[in-house]
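Trainee: Build me a model from this:
(one chain, ligands or ions: 1)
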Amino acid sequence: MTELIVARTPEELCAHLAQRVGQAEARNLAAVEQRRAAGQTEEDVAPEAPRVATVGLVPTMGALHEGHATLIRRAREQNDVVVVSIFVNPLQFGPGEDYDRYPRTPEADLELLRGIGVDLVFLPEVQTLYPGGEPLVRVTSGRLGELFEGSRRPGHFDGVLTVVNKLLNITAAGASGHPLRAYFGQKDAQQVALVQRMVADFALPVTIVPVAIVRDDDGLALSSRNAYLSAEERTAALVLSRTLALLREEGLSRGYAGIDLDAARQRIEHADGVELDYLEIVDPETFEPPTEDSRRALALAAIRVGATRLLDNMDVV
Ligand code: PAF
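Mentor: Down below sits the predicted model:
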């Protein structure tokens, strides 16, 4: 297994990434030559060109759990070189949010990354990514960024898109024209939709790969913020995934029109210690109500359990 390299600046990341991509290309070439030498006829192997090396990026804020590990394993399966960034991005936290107390577990994170065979971890300081302080120019997330999470957390998605844009550009520079894929968890469905729109609207040279939500055995969607929950709160939080699962059953058996959203809202509102923020069914590309043209319908919810806000979603059609 190759050694995990820790890069702390964009320059270090680009240099190491270019080196790892070069090594992967050399391995791919050697594999073709080996097949040629293994007695296959020149005619058999002549059309085979060495495979172009690909790069997978998994942007994270650290406090890595099995949900991240699933994204990273997917990136590992699909690419020659895997980069994970760990950066708790101050731009996406509002005043009074949990930026200072957001869980930071660098040693455990590095151990997990070594275990999966990640090539490079990008671990910049805040001053490295934002050397002039808060950036003057930011990506604006538009109407899609003002709905749901965006209306509760003004500026949140502008902060997310600004840092993701930067991370994608830095990694694309290091990948220097090699195909780049970036992996995002479907738990943050609105974030995934916005990143996909940004990539399309700015013609960024990257393919976004959404990865399904990973759940604990009891159904709770994995999240770094689950670490804030007491045992009682964790049990109370299960009403969220259970209600979404019921909506999914209703949707699959009776169709979108047969879903009783009000009953589902009441179920959550009546749960002890749980406060419902929103529960809606949306088209996951627009976050507006689904129309006849929608390809999917997604039940989308946010609740508060004690001081912790939790998100979850499930396809219902
Ligand atoms: O989902 C997250 O962890 C963050 O929003 C991301 C995409 C790493 C940007 O800071």
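Trainee: Which is the succeeding secondary structure element to the helix or strand where residue 162 lies?
Mentor: Following DSSP states H and E, one finds residue 162 within helix 156-175. Where DSSP H and E defines the elements, the next helix or strand beyond helix 156-175 is strand 180-185.
Trainee: could I get the helix or strand that that following strand is followed by in PDB with only the CA atoms?
Mentor: Using DSSP H and E, the next helix or strand after strand 180-185 towards the C-terminus is helix 189-201. Extracted C-alpha coordinates of helix 189-201, given in PDB (Å, rounded to 0.1, in the frame of the first residue of the first chain):
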ATOM      1  CA  ALA A 189     -29.100  16.600  -0.800                       C
ATOM      2  CA  GLN A 190     -29.400  20.400  -1.300                       C
ATOM      3  CA  GLN A 191     -25.600  20.700  -1.200                       C
ATOM      4  CA  VAL A 192     -25.200  17.900  -3.800                       C
ATOM      5  CA  ALA A 193     -27.800  19.700  -6.100                       C
ATOM      6  CA  LEU A 194     -26.000  23.000  -5.700                       C
ATOM      7  CA  VAL A 195     -22.500  21.600  -6.400                       C
ATOM      8  CA  GLN A 196     -23.900  19.900  -9.500                       C
ATOM      9  CA  ARG A 197     -25.400  23.200 -10.700                       C
ATOM     10  CA  MET A 198     -22.200  25.100 -10.000                       C
ATOM     11  CA  VAL A 199     -20.100  22.600 -11.900                       C
ATOM     12  CA  ALA A 200     -22.500  22.800 -14.900                       C
ATOM     13  CA  ASP A 201     -22.900  26.600 -14.800                       C
END
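Trainee: ok, residues contacting helix 189-201?
Mentor: Outside helix 189-201, the residues that touch it by CB atoms under 8 Å, 6 or more residues apart in numbering are 139, 141, 144-145, 147-150, 157, 160-161, 164-165, 168, 182, 184-186, 204, 206, 208, 210, 284-287, 298, 300, 313. The way it works is simple: take the backbone N, C-alpha and C, and place the C-beta from them, glycine included.
Trainee: where in the protein is pLDDT low?
Mentor: 1, 39-47 (pLDDT under 70).
Trainee: The ligand contacts on that one?
Mentor: Neighbours of the ligand within the chain, by CB under 6 Å from any ligand atom: 59-61, 89, 92, 160, 163-164, 188, 191.
Trainee: can you redo these as TSV with neighbour count?
Mentor: Output for these, formatted as TSV (neighbours: other CB atoms under 10 Å):
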residue	neighbour count
59	23
60	23
61	18
89	21
92	21
160	26
163	23
164	27
188	18
191	23
